[in-house]
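Asker: one predicted model, sequence on top.
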Amino acid sequence: MTALNDTLLVVDDNEANRDLLSRRLQRRGFDVVTAIDGSHALELLAARDFALVLLDIEMPRLSGLEVLRVIRQSRSASELPIIMVTARQESADVVEALNGGANDYVTKPVDLPVALARINAQLARRRAEAALRESEERYALALRGANDGLWDWNLRTDEIFFSDRWKQMLGLAHHVVAGIPDEWFQRVHSDDVDRLRTDVTAHLDGRTPHFESEHRVLHADGTYRWMLARGVAVRDVDGRAHRMAGSLTDITEGKVSDPLTGLPNRVLFLDRLGQSMERAKRHGCVSAVLFVDLDRFKLVNDSLGHEAGDRFLAAIASRLERSVRTVDTVARVNSEVTVARLGGDEFTILLENVRHASDAVRVAERVQECLKRPFELDGRHLFTSASIGIATSESGYSDPQDLLRDADTAMYRAKALGKARCEVFDVRMREAAITRLAVETDLRRAIEQNEFELHYQPIISLTTGRLAGFEALARWRHPQRGLVSPVDFIGIAEETGLIVPLGTWVLTRACTQMSEWCQAHPSAAGLTIHVNLSARQFVHPDLVTDIAGILQATGLPASALNLEITESAVIENPDSVIGVLDALKALGLRISIDDFGTGHSSLSYLHRFPIDGLKIDRSFVSAMTLEQSSIIRAIVALAQALRLEVIAEGIETVDQLSRLSELGSDGGQGYLFAAALTSLDAEEVLTHSQDTRIKSWIPASPEVA
């Protein structure tokens, strides 16, 4: 609100009275200007604004009453309060002054506390009225800017007022609209009217703080418009609503149009899909949905920023629209094709009157071809591909949501099979999706109910033949399925983000167990516990702080912890990764690259990473062909050059062990030595490992040279 001028104008022809009053007011913090007579006062008022005037009634030439009349011709009592000053308390002059627009009066000699009280009262009233005027102006301006319709419902008489804008929004500007609620409710779509009445009732009953409802309303042109109705009830002292008022906003554009690309959004797409399915049933034809999801779009946002990512999506949308304009020559589609954006990097295409799913496949292949051409963005050439799921109405769907869901399921199948391809939905995909959902639900419960346990696989020094440490491996003790392998749940945990709390539990439990072993067994000194760190955990902002807290809480020396990070997690964004690795190394722990050689290795970055070791993936160990041996030899040579420890996974035979020893691997693990053991069995191994070689404490182990 604009600040008001609080300067007072004291008007009195008697210099002594004028100066005395002005000084006393100034001592109370007021800014005061004085006028020697009525003419002087009018000159000052014409030149500047005042908050209040103290006006003497009896003055020569131009009396206070005459000055009052002149002022009130241009300024109201609320705009400029005037307090008359008179020597005659109940004179006719006072009555005349009040009738002429004076706000109040004080008598001479002026009683300052009384005068201050009346001045402050008038100033407070002026501020309140100014605030009210500004609030009303702001409301009126906001209402015009919002372009909303208004309604005001008298619940006692069941009469309702609809503003002209309310009628215009529904094309009823020239229609007679009765002032009854049915003028509104009878125009609401049959699928929405019950929900609207429920929302109204909930607010009138006091169950919601305000009323809000999105619903479709019939326009005079025969189409439905999406409206957002909002309002609030006025209640009596007993809390009963007797009036309800609010606004109606046309949100059709926002409900059906994607603001980024201008394509139809999910709401409009589902509406068109439902209409298409109805036509397909009547005419015996087929509708098809293509669910298009861009591959690796996240890299664009991460590398170029979300603003560039949005422009990239807009360019993709434009190309998709152009590509399907001529699909009739490819798939013999004889009616309109709808391209929509559901959100993020997900697009859908509705095909009508297709003869078979193979027609939709040809359209999908055309879409993939059009996306292969590079996109130019800010001087860069960007490339993308898409995974596409296809579902058709041939299976007799009744709900468009179900058809869209199955196209989405087929898309995920295309992703799982390697991306940049299309898949047609079949019922087995739905069964797999249901199974996966069940696993995800069980997994969330398992984390809450602590159904996990750790097993420990020994890691052996191939130089000494003795125990070097353990790798901690999570197992899920399912109440119905028994012990569940990580293969069956780690992938889902990664996708859903559940790997973060699960990983924290694994790390805490592993460090706790190793700390207990170190305290109970002298042979545990110098051993390390290896814990896998998922890609999701690695990018978590609290990772370093959490690990430091776990080490402090468990009392495990940092040097006894070895974090294993997958190669892909560190290679995809090496510049940002180095900072995290440096912070982890500063804690004093060890870091290894897991599954080395299976990802996109970057030797130019590897020497910059503050790591301590590499783990050779079991895929290189299992075959041990000449080619695999050459790869292992190269990895060992690289590690030795960088002074890194090498541990080979998946050792199952004596021949593999011998070859790895010859090639220079420092350590190994695998079924030749032991599978992942329970904590009790691992402690048994630990107890007998101090002065013996592998063969004496691993049951049924083959002879080792």
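Answerer: All right, it came through fine. Numbers count the residues shown, from 1 in each chain.
Asker: poorly predicted segments of the stretch 551-700 of the chain, please.
Answerer: Within the stretch 551-700 of the chain, the segments meeting pLDDT under 70 span 572-573, 598-605, 689-700.
Asker: now the helices for it?
Answerer: 567-571, 574-586, 603-606, 618-623, 626-641, 654-663, 679-687, 694-697 (DSSP state H, counting those that start in this stretch).
Asker: and the ones you listed, which is most packed in?
Answerer: With neighbours taken as mean count of other CB atoms under 10 Å, the helices of the stretch 551-700 of the chain reach their highest mean count in helix 567-571, at a mean of 19. Heads up, the C-betas are built off the backbone N, CA and C, glycines and all.
Asker: send the alpha carbons of that helix over as PDB?
Answerer: What follows is helix 567-571, C-alpha atoms only, in PDB (Å, rounded to 0.1, in the frame of the first residue of the first chain):
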ATOM      1  CA  GLU A 567      32.500 -48.500 -13.700                       C
ATOM      2  CA  SER A 568      29.500 -46.900 -15.300                       C
ATOM      3  CA  ALA A 569      28.800 -44.800 -12.300                       C
ATOM      4  CA  VAL A 570      32.200 -43.100 -12.400                       C
ATOM      5  CA  ILE A 571      32.700 -42.900 -16.200                       C
END
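Asker: just how off-centre is it within its chain?
Answerer: The chain centre lies 26 Å from the centre of helix 567-571; the measure is CA atoms, centre = their mean, to the nearest Å.
Asker: for that helix, packing partners?
Answerer: If you count contacts as 3 or more CB pairs under 8 Å, 6 or more residues apart in numbering; DSSP states H and E, helix 567-571 packs onto helix 535-538, helix 574-586, strand 590-596.
Asker: taking strand 590-596 as reference, get the angle to the longest one.
Answerer: Here helix 574-586 runs at an angle of 140 degrees relative to strand 590-596 (axes from the mean of the first three to the mean of the last three CA atoms, to 10 degrees).
Asker: show me what whatever helix or strand Ser135 lives in is packed up against.
Answerer: According to DSSP states H and E, Ser135 maps onto helix 112-146. In terms of contacts (3+ CB pairs under 8 Å, 6+ apart), helix 112-146 is packed against helix 15-27, strand 52-56, strand 82-86, strand 104-107.
Asker: ok, the last one: who's next to it in the sheet?
Answerer: Next to strand 104-107 in the sheet, as set by DSSP bridges, lie strand 82-86 (parallel).
Asker: possible to save the helices and strands packed on helix 112-146 as CSV with mean pLDDT?
Answerer: Shown next, in CSV, are the helices and strands packed on helix 112-146 (pLDDT from 0 to 100):
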stretch, mean pLDDT
helix 15-27, 92
strand 52-56, 95
strand 82-86, 93
strand 104-107, 91
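Asker: Leu290: which of those is closest?
Answerer: strand 52-56 (74.1 Å; CB to CB).
Asker: what angle do the closest one and helix 15-27 make?
Answerer: For strand 52-56 against helix 15-27, the angle by the same axes, to 10 degrees is 160 degrees.
Asker: next structured bit after strand 52-56?
Answerer: Next along the chain after strand 52-56, taking DSSP H and E as the criterion, comes helix 64-72.
Asker: can you give me the offset of that following helix from its chain's centre?
Answerer: Put simply, helix 64-72 sits 63 Å off its chain's centre (CA atoms, centre = their mean).
Asker: now stretch 590-597
Answerer: 33 Å.
Asker: same check, this time on stretch 246-258
Answerer: 22 Å.
Asker: could you work out the end-to-end span of it for me?
Answerer: By CA to CA, to the nearest Å, the extent of stretch 246-258 from end to end equals 28 Å.
Asker: do the same with stretch 164-178
Answerer: Start-to-end span of stretch 164-178 (CA to CA) is 13 Å.
Asker: touching, Lys415 and Phe291? I think so.
Answerer: No: between Lys415 and Phe291 there is no contact under CB atoms under 8 Å: 10.8 Å.
Asker: neighbour-wise, which of these two wins?
Answerer: More crowded of Lys415 and Phe291, by other CB atoms under 10 Å: Phe291, with 29 against 17.
Asker: what about Glu136, neighbour count?
Answerer: Glu136: 10 neighbours (other CB under 10 Å).
Asker: how far away is it from Glu129?
Answerer: Applying CB to CB, to the nearest Å, the value for Glu136 to Glu129 is 11 Å.
Asker: with Phe383 instead?
Answerer: Per CB to CB, Phe383 is found 66 Å from Glu129.
Asker: between these two, who's got more neighbours?
Answerer: Neighbour count, other CB under 10 Å: between Phe383 and Glu129, Glu129 has more, with 15 against 10.
Asker: which SS class is Thr464?
Answerer: Following DSSP: H, G, I helix; E, B strand; the rest coil, the label given to Thr464 is coil.
Asker: near it, how many other residues are there?
Answerer: Residue neighbour count, defined by other CB under 10 Å, stands at 11 for Thr464.
Asker: mind checking which of the helices and strands packed on helix 567-571 is nearest Ser515?
Answerer: Ser515 lies closest to strand 590-596 among the helices and strands packed on helix 567-571, at 16.1 Å (CB to CB).
Asker: report all helices and strands that that closest one contacts.
Answerer: On a contact count with 3+ CB pairs under 8 Å, 6+ apart, strand 590-596 meets strand 528-533, strand 561-566, helix 567-571, helix 574-586, strand 613-616.
Asker: what is the neighbour count of Thr7?
Answerer: Using other CB under 10 Å, Thr7 has 14 other residues around it.
Asker: show me the contacts for it.
Answerer: Contact analysis of Thr7 by CB atoms under 8 Å, 6 or more residues apart in numbering lists Phe30, Asp31, Val32, Val33, Arg48, Asp49, Phe50, Ala51.
Asker: could I get those residues as a markdown table with pLDDT, neighbour count and distance to Arg355?
Answerer: Shown next, in a markdown table, are the contacts of Thr7 (pLDDT from 0 to 100; neighbours: other CB atoms under 10 Å; distance: CB to CB, whole Å):
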| residue | pLDDT | neighbour count | distance to Arg355 |
| --- | --- | --- | --- |
| Phe30 | 92 | 19 | 89 |
| Asp31 | 93 | 12 | 88 |
| Val32 | 95 | 18 | 93 |
| Val33 | 95 | 14 | 91 |
| Arg48 | 91 | 10 | 85 |
| Asp49 | 90 | 12 | 81 |
| Phe50 | 94 | 20 | 86 |
| Ala51 | 92 | 19 | 83 |
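Asker: from those, which land in strands?
Answerer: Counted as lying in strands by DSSP state E, out of the contacts of Thr7, are Val32, Val33.
Asker: save the contacts of Thr7 as JSON lines, and put in distance to Val106 too.
Answerer: As requested, those are arranged in JSON lines below (distance: CB to CB, whole Å):
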{"residue": "Phe30", "distance to Val106": "15"}
{"residue": "Asp31", "distance to Val106": "19"}
{"residue": "Val32", "distance to Val106": "15"}
{"residue": "Val33", "distance to Val106": "18"}
{"residue": "Arg48", "distance to Val106": "24"}
{"residue": "Asp49", "distance to Val106": "22"}
{"residue": "Phe50", "distance to Val106": "17"}
{"residue": "Ala51", "distance to Val106": "16"}
